[in-house]
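Q: What follows is a predicted protein model with its sequence.
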Amino acid sequence: MAAERQHHNTKKNRFTVVLVPDEDASKAKNFRFAPWQLVTGLVTYAAAAVAVVLLLLIYTPVGGIFPLSNPGLENKYGKELLLLNQRMNGLMEQLVELRSYNVKLRRAMGENVAVTDSGTVKVEPRTEEREKNRERKEEPVSASVQSYVNAGQEMPPSRPAAQEPGGSVAVSFPAILPTEGYVTRGFEPSRNHYGMDIAGKTGNLIVAAADGNVVFSGWTYEYGYVIIVAHASGFTSFYKHNQSLLKSSGSFVRRGEPIATLGNSGITSSGPHLHFEIWKDGVPVDPTIYMINFYL
């Protein structure tokens, strides 16, 4: 009796699903299963559906529509993006510095260079008409230079220390006169003369005004053979109209070391002389205020 009752309860707890085709009812199919089988099937199908959805969201573009938070991926790719951004910022800073330095050098070489809003360099053509129309208001030059220019005297050999205007000592950049000769023209920025001219004998040695690295050594149409030396603290010295160059770009030179010979090269030269300039942070300054062998 107990066995028959258990068998009857088992049949009673089963479910039957009948599939009847619309066209032929005789081909109906019956499916019988217990409640636990129904629950297991539903759970399995639900888990499979959830897994498929998660895979679609994570590994396909569908995830971009419904983004999911993934701390592991965010931490990994977040660090990589941060490093990439830092590298790009560093490269941009270097590019800006190089572009600025290039503009300063080209301006020092006499080119009319303008930097546009986008950071590109625009070179304006130089014409005789523009030069004629340029204002020629004279500024007072260094009294010492003007006195030697007027008298045609040779520059004295030395002085104790270079001084800034106002009496302060220019100890950050002590320089020496780069060659022997006579000062024929001083620092006149209002006349676009950003240095001093020292007339001398062709072939006289020209020496480095201070320790530094040669950043340019070559020929230009206007100034002939030119050599440029970069020094510490933002100083740069220019030596133009040379007869020959004794140092190449990339060379390190000491103060007083020969770097060129005096000459008359370039279309703007009017005779054998050295055109000597000193720039500080991209701005031309009067060379005499930094000379340790030039009387003020």
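A: Sure thing, it's come through. Note that the structure is predicted; figures quoted are calculated from it, not measured.

Q: partner residues bridging residue 188?
A: With DSSP bridges as the criterion, residue 188 is bridged to residue 193.

Q: Next: the one 10 residues further on.
A: Partner residues in beta bridges with residue 198: residue 183, residue 274, with DSSP bridges as the criterion.

Q: Could you measure from it over to residue 277?
A: Distance, residue 198 to residue 277, by CB to CB, to the nearest Å: 12 Å. C-betas here are computed from N, CA, C, even on glycine.

Q: With neighbour numbers in mind, choose between those two.
A: Higher neighbour count among residue 198 and residue 277: residue 198, with 23 against 20, using other CB atoms under 10 Å.

Q: From residue 56, how far off is that one?
A: Taken as CB to CB, the span from residue 198 to residue 56 is 80 Å.

Q: Low-confidence stretches in the stretch 101-250 of the chain?
A: Per-residue confidence for the stretch 101-250 of the chain (pLDDT under 70) gives these ranges: 101, 103-172.

Q: what ranges do the strands span in it?
A: In the stretch 101-250 of the chain, strands defined by DSSP state E, counting those that start in this stretch lie at 112-115, 121-124, 182-185, 196-199, 205-207, 212-220, 224-230, 235-245, listed in chain order.

Q: mind putting these in JSON lines, distance to residue 251 included?
A: Output for the strands of the stretch 101-250 of the chain, formatted as JSON lines (distance: least, CB to CB, whole Å):
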{"stretch": "strand 112-115", "distance to residue 251": "26"}
{"stretch": "strand 121-124", "distance to residue 251": "27"}
{"stretch": "strand 182-185", "distance to residue 251": "28"}
{"stretch": "strand 196-199", "distance to residue 251": "23"}
{"stretch": "strand 205-207", "distance to residue 251": "13"}
{"stretch": "strand 212-220", "distance to residue 251": "5"}
{"stretch": "strand 224-230", "distance to residue 251": "9"}
{"stretch": "strand 235-245", "distance to residue 251": "10"}
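
Q: which one of those strands lies closest to residue 257?
A: For residue 257, the closest of the strands of the stretch 101-250 of the chain is strand 205-207, at 6.0 Å, according to CB to CB.

Q: Show me what the closest one is packed against.
A: Helices and strands touching strand 205-207, by 3 or more CB pairs under 8 Å, 6 or more residues apart in numbering; DSSP states H and E, are strand 258-262.

Q: quick check: domain ranges of the protein?
A: As assigned by automatic domain parsing, the chain contains the domains 71-124, 158-290.

Q: would you turn the ones you listed into JSON lines with distance to residue 42?
A: Shown next, in JSON lines, are the domains of the chain (distance: least, CB to CB, whole Å):
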{"stretch": "domain 71-124", "distance to residue 42": "32"}
{"stretch": "domain 158-290", "distance to residue 42": "78"}
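
Q: Which of those domains sits closest to residue 50?
A: domain 71-124 (19.5 Å).

Q: re earlier: mind checking the strands of the stretch 101-250 of the chain for the one nearest to residue 256?
A: strand 205-207 (5.0 Å).

Q: Check whether residue 54 sits in a helix, strand or coil.
A: For residue 54, the assignment made with DSSP: H, G, I helix; E, B strand; the rest coil gives helix.

Q: For residue 202, see how far away it is.
A: Relative to residue 202, and taking CB to CB, residue 54 is found at 85 Å.

Q: again with residue 15
A: Note on residue 15: its distance to residue 202, by CB to CB, is 116 Å.

Q: Kindly report the same for residue 33.
A: Residue 33 sits 113 Å away from residue 202, going by CB to CB.

Q: Touching, residue 29 and residue 19? I think so.
A: Yes - using CB atoms under 8 Å, residue 29 is in contact with residue 19, at 4.7 Å.

Q: what about residue 224, how many neighbours?
A: Using other CB under 10 Å: residue 224 sits among 19 other residues.

Q: For the closest residue to residue 244 other than its chain neighbours, report the pLDDT, please.
A: Excluding the flanking residues, the one nearest residue 244 by CB to CB, 6 or more residues apart in numbering is residue 261, at 4.9 Å. With respect to pLDDT, residue 261 scores 97.

Q: I'd like the distance between residue 261 and residue 245.
A: Residue 261 sits 8 Å away from residue 245, going by CB to CB.

Q: And residue 97, by the same measure?
A: 26 Å.
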